[in-house]
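A.B. asks: Dropping the sequence and predicted coords here.
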Amino acid sequence: MTEIQITRTIDAKGMPCPGPLMSLIGAIREEQVGEIIEVLSTDEGSRTDIPAWVEKAGMELVEVAEEDGFTRFVVRKAR
Amino acid sequence: MTKVPARIVVLGGGVGGTLTANLLASELGRDASVTVVDPTGMHVYQPGFLYVALGQANGRWLSRDERLLLRPEVELAIESAERVDPAAGVVHLGRGGALPYDYLVLATGARLVPDQVPGMVEAAHDFYSLDGAQRLREALRGFDGGRILIGVAGIPYKCPPAPVEFTLMLERYLEERGVRDRSEVTLLSPLNRAFTIESASKLVQPVMDRRGIKLATFFNVETVEPSAGVVTSLEGEKAEYDLLVLVPPHRGQEVVEASGLGDRSGWVPTDPATLQHKEHERIFAIGDATDLPISKSGSTAHFEAPVVASRIASLIRGTAPRESYGGRVMCFLETGGGKATVLRFDYQNPPVPPKPSRRWHWAKWLFNRMYWNTVPQGRIPGFLERRA
């Protein structure tokens, strides 16, 4: 794996849309610039909603990985 | 030999606390003593704030004496709960007393924290409190045209349909007052659509388009500059206003935070099926207080209460628990002009809302009227039990 230091993990598996994105937005509000947040989601909508919000908000999508039965999004608070 | 009754303490006299206490008292009779602790002793029907803000209801019918809603055998302590000591099984009260418990229900609701958003307290109106709704009503009465922004300053927030409902009803209100043609109404949505739930959003969006209501997406309000009349979003965009209406940020209650029973936002880590605290099996949580990824609404608390009451009764009697919470929620969504729709869903099944109609508007109206004589006692008006 890489040397990415995850500050916070949001396990949103099983959470219906738009729960995972809303949890990410809430976490971004609370964390400091530079911190890295990981969201684990089983929701199909997250695959489009999370990258769309990250781009609009000027955050950095560090990684999107398909894991066993869920998707892992790694987002850095860029500003 | 008589059995010592189990001591059950319920913190909070809202929908969830009141109903759970009544169900427990009814189910357990002399096997338990049930005490509700509430700082005001008044039960407030929060869905009514929306109507107060738009001059369609008087604030007086929105609160009742909690004592009158509780079964006579339920004790009511009008006190603030300061701290829970889970190891000792004690709730410390504001005036120095302490209440020991065998089972505790956290029905403490959500706390509004508008001061977390710079400029919000000075510049923004809200309809999430009675005084906020009354001030907004006066501001709207004096409104003579201009730009109105409706936005959300923190998630999660209570009653996800409320900002959309308010926007649609406000547009009709401005029309009726004859100032619509000189007004611009914009909903600042935290997501990339008008409403949190996609199926409902598809229903609401055409109504907004038809009525010329503007929509700004992915706009999570972060700061307000009162002198410039500008709000800035977390996403880095700005919007100008003449009248600003914001849903304040929410947190869990101070007693939850002070007791180390919440997450970093003060929400109680709750098992989605059993509604038990994830670390304390004798503590249950209900309604807005939980960290569950479902709507913070009275309806959620209403459907959770029988599960909590039944599970506590099983623990006391040593029987196998029968009920689990499946995430059931039911919300009305007013679309303005005397029409509404209804959202019914659970953890597994997203809502399939019917086309807005007068029928659901009247159902909501009737429900608001029937609330006091049905919900706190565990009844649902019959016309709502039937699936449309």
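C.D. replies: Done, it's in.
A.B. asks: Quick one: neighbours of B:Glu79, just the number.
C.D. replies: B:Glu79 is flanked by 17 other residues according to other C-beta atoms under 10 Å in any protein chain shown. Heads up, the C-betas are built off the backbone N, CA and C, glycines and all.
A.B. asks: Excluding chain neighbours, what is closest to it?
C.D. replies: Excluding the flanking residues, the one nearest B:Glu79 by C-beta to C-beta, 6 or more residues apart in numbering or on different chains is B:Leu93, at 4.6 Å.
A.B. asks: what number of residues lie near residue 13?
C.D. replies: This is for chain A. 15.
A.B. asks: nope, chain B please
C.D. replies: For B:Gly13, using other C-beta under 10 Å, the count is 28.
A.B. asks: Any idea what the residue nearest to it when sequence neighbours are not counted is bridged to?
C.D. replies: Closest residue to B:Gly13 apart from its sequence neighbours, by C-beta to C-beta, 6+ apart: B:Asp38 at 3.4 Å. When bridges are called by DSSP bridges, B:Asp38 pairs up with B:Ile78.
A.B. asks: and B:Asp38, what pLDDT?
C.D. replies: On the pLDDT scale, B:Asp38 is placed at 98.
A.B. asks: Does it touch B:Gly17 like I think?
C.D. replies: Yes: using C-beta atoms under 8 Å, B:Asp38 makes contact with B:Gly17 at a distance of 7.2 Å.
A.B. asks: what packs against the longest helix anywhere in chain B?
C.D. replies: Taking DSSP state H as the criterion, chain B has its longest helix at helix B:298-317. Contact here means 3 or more C-beta pairs under 8 Å, 6 or more residues apart in numbering or on different chains; DSSP states H and E; on that basis helix B:298-317 packs against helix B:15-28, strand B:103-106, strand B:283-285, strand B:329-336.
A.B. asks: of all those, which lies closest to chain A?
C.D. replies: Among these, strand B:329-336 comes nearest to chain A, with 10.9 Å by C-beta to the nearest C-beta.
A.B. asks: Quick one: mean pLDDT for the very next helix or strand once past the closest one?
C.D. replies: Reading on from strand B:329-336 to the C-terminus, the next helix or strand found by DSSP states H and E is strand B:339-345. Averaging pLDDT along strand B:339-345 yields 92.
A.B. asks: Within the helices and strands, which one has the closest residue to A:Asp43 other than its chain neighbours?
C.D. replies: Leaving aside its sequence neighbours, A:Asp43 sits nearest to A:Cys17 (C-beta to C-beta, 6+ apart; 4.8 Å). Assignment of secondary structure by DSSP H and E places A:Cys17 within no helix or strand.
A.B. asks: In contact with A:Cys17, which residues?
C.D. replies: A:43-46, A:49, B:197-198, B:350 (C-beta atoms under 8 Å, 6 or more residues apart in numbering or on different chains).
A.B. asks: So which of these belong to strands?
C.D. replies: Using DSSP state E, no member of the contacts of A:Cys17 falls in strands.
A.B. asks: From those, which land in helices?
C.D. replies: Within the contacts of A:Cys17, membership in helices is found for A:46, A:49, B:198, as judged by DSSP H.
A.B. asks: what does the stretch 101-250 of chain B put close to chain A?
C.D. replies: Counting by C-beta under 8 Å from any C-beta of the partner chain, the positions of the stretch 101-250 of chain B adjacent to chain A are B:154-156, B:190-192, B:196-198, B:218, B:220, B:222, B:234-236.
A.B. asks: Compare these and tell me which is most surrounded.
C.D. replies: B:Pro190 (27 neighbours).
A.B. asks: Surely that residue and B:Ala153 touch.
C.D. replies: No: here B:Pro190 lies out of contact with B:Ala153, judged by C-beta under 8 Å, at a distance of 9.2 Å.
A.B. asks: quick one: what helix or strand has whichever residue of the stretch 51-200 of chain B sits closest to chain A in it?
C.D. replies: Per C-beta to the nearest C-beta, B:Ile155 is where the stretch 51-200 of chain B lies closest to chain A, at 4.9 Å. In this structure, B:Ile155 sits in neither a helix nor a strand according to DSSP H and E.
A.B. asks: Contacts only, for the spatially closest residue to it that is not a sequence neighbour.
C.D. replies: Of all residues not flanking B:Ile155 in the chain, A:Met22 sits nearest, at 4.9 Å (C-beta to C-beta, 6+ apart). A:Met22 sits next to B:155-156, B:190-191, B:196 when contact means C-beta under 8 Å, 6+ apart.
A.B. asks: What strand or helix carries A:Met22?
C.D. replies: Assigned by DSSP H and E, A:Met22 belongs to helix A:19-30.
A.B. asks: That helix: which residues count as buried?
C.D. replies: For helix A:19-30, the neighbour count (16 or more other C-beta atoms under 10 Å in any protein chain shown) marks A:19-29 as buried.
A.B. asks: Adding pLDDT as columns, could you present those in JSON lines?
C.D. replies: As requested, these are exported to JSON lines (pLDDT from 0 to 100):
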{"residue": "A:Gly19", "pLDDT": "84"}
{"residue": "A:Pro20", "pLDDT": "91"}
{"residue": "A:Leu21", "pLDDT": "93"}
{"residue": "A:Met22", "pLDDT": "90"}
{"residue": "A:Ser23", "pLDDT": "90"}
{"residue": "A:Leu24", "pLDDT": "94"}
{"residue": "A:Ile25", "pLDDT": "93"}
{"residue": "A:Gly26", "pLDDT": "89"}
{"residue": "A:Ala27", "pLDDT": "90"}
{"residue": "A:Ile28", "pLDDT": "93"}
{"residue": "A:Arg29", "pLDDT": "89"}
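A.B. asks: Quick check: closest non-adjacent residue to residue 19.
C.D. replies: Since you didn't name a chain, this refers to chain A. Of all residues not flanking A:Gly19 in the chain, B:Pro293 sits nearest, at 4.0 Å (C-beta to C-beta, 6+ apart).
A.B. asks: my bad, the chain I had in mind was chain B
C.D. replies: Nearest to B:Leu19 is B:Ala305, by C-beta to C-beta, 6+ apart, at 4.0 Å.
A.B. asks: do the same with B:Gly298
C.D. replies: B:Gly298 sits nearest to B:Val15 (C-beta to C-beta, 6+ apart), 4.3 Å away.
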